[in-house]
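> Give me a model of this one.
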Amino acid sequence: MLEKFFKLEQNNTTVKTEIIAGFTTFMTMAYILAVNPNILSVAGMNPSAVLIATALASFMGTLLMALLANYPFALAPGMGLNAYFAYTVVVSMGYSWQVALFAVFVEGVLFIILSLTNVREAIFNAIPMTLKSAVGVGIGLFIAFIGLQDAKLIVHSDATLVTYQTFKGDTFHSVGVGAILALLGVLITAVLLVKQIKGGILLGILITWVLGILCELTGIYVPSPDAGMYSVIPSGIVSLDFSSFKETFGAVFTVDFGTLKIGNFLIIMFSFLFVDLFDTLGALIGVSSKADMLDEDGKLPQIKPALLSDAIATCVGALFGTSTTTTYVESASGVTAGGRTGLTSLTTALLFLLSVIFSPLFLSIPSFAIAPALIIVGFYMMGSVMKIDFEDMAEAIPAFLCIIAMPLAYSISEGISIGVISWTVINLLTGKAGEKKISILMYVLTILFILKYIFL
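Model (predicted):
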């Protein structure tokens, strides 16, 4: 039954490989269950309710991706979008979190319309293959950078913006030991992959976690909440208290429309729409490129149901009580582990559903155990750089700008914006517009991106 529905043999994969890949994707995404409630609590939302909403939205979105598109892509409330929700819309602009949820819901409805009318698919297909390869590389660097930060291997510096961990001082037994364990995790994962051991990335996460538990039990690792380092020993296994969920479920329809200023609301809604659109496209391009799912024209077969799944998930997430749900670049970890079909995402979806009950267990997985997986995935995604023609400067320079913008601007959508603008303008000014056959849609995207920087 699984073979027939997910076409495993056709995609050169097996049930075992897909399930391991699904576990791997979940493990690299599980941090959102802890991070999203923490961020949205700033907006005045109940963290427990947000955790449940996050898990259910991730389950529904990833399940839709599995059943409608048969792709190994997982969905969850997006990082960056949740910060915009809490810090900009609620804290800075003064709107209630119910209004912010309503903006997310409206954005999702618009996305469904755009997906059904082929607009999002047309945008995906209009982006040149060079930029699609660059997006994959940029996302790889971005993911690795996130992993290095999560492990506290790369930290903030007033002098140089970022620097390496010094492994000295009062925080050695918390931050320092965590960083060392992350380095060990990278080495362990690398050895497992070199030895071609199945599920090497997932095993790397679990082994690093076990090492962390042993270090805490022996006093080598000492939790320090003030430094963002928490106990890695599960405080429990299950929790059956779901009463808080009623605080956010359906709250999107409790908005006092008398407090809305239509101009500001449209800006909020289109900001969500804009970032979500290109974060999603970036994730789809990067992960599908890594998995060799793009055809010879650089198009992704079955992209419409994939985009529709993403759009519906945004609406469902808003109804549950969380910020925009989007396709996750961490899906690349499952692809790297061999995932090629919707069985991978089905596995991830079921784990998100289980996380509602087993939240104490899943929330105990430390960031330094997940970080090695993110760093290794970043390495894997660097391979797409070989598809870029560095002899053609009109192709190579925009690709380079796209790549470096993602980690440095800390945004997938910013990398796409800069890549599209530079590719179009450079080819236009050098008289290559006819040779490259720049599409009307690329001109439109370029103008929209430029206007975004002027007005948003």
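
> Now Met93: phi and psi?
Torsion angles at Met93 (phi, psi; degrees, to the nearest 10) stand at phi -90, psi -20.

> likewise Ile154?
According to degrees, to the nearest 10, Ile154 has phi -110, psi 130.

> Do you have the strands of the stretch 201-350 of the chain handy? List them.
325-327 (DSSP state E, counting those that start in this stretch).

> what stretches of it score poorly on pLDDT?
Confidence mapping of the stretch 201-350 of the chain against pLDDT under 70 gives the ranges 259.

> residue ranges for the helices of it, please.
With DSSP state H, counting those that start in this stretch, the ranges of helices along the stretch 201-350 of the chain come out as 262-290, 303-320, 331-336, 342-355.

> Buried residues of the first one, list them for me.
Spelled out, it's helix 262-290. 265, 267-290 (16 or more other Cβ atoms under 10 Å). C-beta here means a position set from N, CA and C on the backbone, and glycine is covered the same way.

> ok, now the third one?
Of the residues in helix 331-336, those buried under the neighbour-count criterion (16+ other Cβ under 10 Å) are 331-336.

> picking that back up, for Val91, which of the helices of the stretch 201-350 of the chain is the nearest?
Each of those has some distance to Val91 by Cβ to Cβ; the shortest is helix 262-290, at 13.1 Å.

> so what's the residue nearest the centre of the chain up against?
Nearest residue to the geometric centre of the chain (Cα atoms, centre = their mean): Tyr328, 3.1 Å. By Cβ atoms under 8 Å, 6 or more residues apart in numbering, Tyr328 lies in contact with 25, 29, 73-76, 78, 283.

> Was I right to think Ala21 contacts Thr347?
Yes. If you go by Cβ atoms under 8 Å, Ala21 and Thr347 touch, sitting 7.4 Å apart.

> Quick check on those two: which one has the bigger neighbour count.
Ala21 (31 against 26; other Cβ atoms under 10 Å).

> what helix or strand does that one sit in?
Taking DSSP states H and E as the criterion, Ala21 maps to helix 15-29.

> Would you tell me what the next helix or strand after that helix is?
helix 32-40.

> one step back: what is the nearest of the contacts of Tyr328 to Thr254?
Gly78 (23.5 Å).

> Compute the number of surrounding residues for the closest one.
With other Cβ under 10 Å as criterion, Gly78 counts 29.

> residues in contact with it?
Per Cβ under 8 Å, 6+ apart, neighbours of Gly78: 275-276, 279, 323-326, 328.

> do that again at 7 Å, thanks
276, 279, 324, 326 (Cβ atoms under 7 Å, 6 or more residues apart in numbering).

> quick one: it and Leu183, what's the gap?
29 Å (Cβ to Cβ, to the nearest Å).

> the strands in the stretch 1-150 of the chain, which residues?
Using DSSP E, counting those that start in this stretch, the strands of the stretch 1-150 of the chain run over 75-77.

> Run through it and note the low-pLDDT ranges.
In the stretch 1-150 of the chain, residues with pLDDT under 70: 80.

> Same list (the contacts of Gly78) but as a markdown table, adding distance to Ile112.
Converted to a markdown table, the contacts of Gly78 look like this (distance: Cβ to Cβ, whole Å):
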| residue | distance to Ile112 |
| --- | --- |
| Asp276 | 12 |
| Asp279 | 17 |
| Thr324 | 13 |
| Thr326 | 14 |
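
> so which pair among the residues you listed is furthest apart in space?
Taking every pair in these and measuring Cβ to Cβ, the maximum separation is 8.7 Å, between Asp279 and Thr324.

> Can you tell me how far Ile312 is from Leu116?
The gap separating Ile312 from Leu116 is 11 Å, by Cβ to Cβ.

> So between these two, which is more surrounded?
Neighbour count, other Cβ under 10 Å: between Ile312 and Leu116, Ile312 has more, with 22 against 13.

> The more buried one contacts Thr62, doesn't it?
No. Contact criterion Cβ atoms under 7 Å: Ile312 and Thr62 do not qualify, at 11.7 Å.

> Could you tell me which residues touch both of these two?
Counting by Cβ under 7 Å, 6+ apart, nothing touches both Ile312 and Thr62.

> Please enumerate the helices of the stretch 351-456 of the chain.
359-362, 367-381, 393-409, 412-429, 433-436, 440-455.

> Out of the ones you listed, the one nearest Ile143 is which?
Once those are compared by Cβ to Cβ, helix 367-381 is nearest, at 4.6 Å.

> Lys132 is in contact with Ser289, isn't it?
Yes. Under the criterion of Cβ under 7 Å, Lys132 makes contact with Ser289 at 5.9 Å.

> Common neighbours of these two, please.
Common neighbours of Lys132 and Ser289 (Cβ under 7 Å, 6+ apart) do not exist.

> domain assignment for this structure?
With domains defined by automatic domain parsing, the chain comprises 2-388, 389-456.

> So which of the ones you listed is the most surrounded?
domain 2-388 (a mean of 21; mean count of other Cβ atoms under 10 Å).

> can you tell me which two in the contacts of Tyr328 are farthest apart?
Thr25 and Gly78 (15.5 Å).
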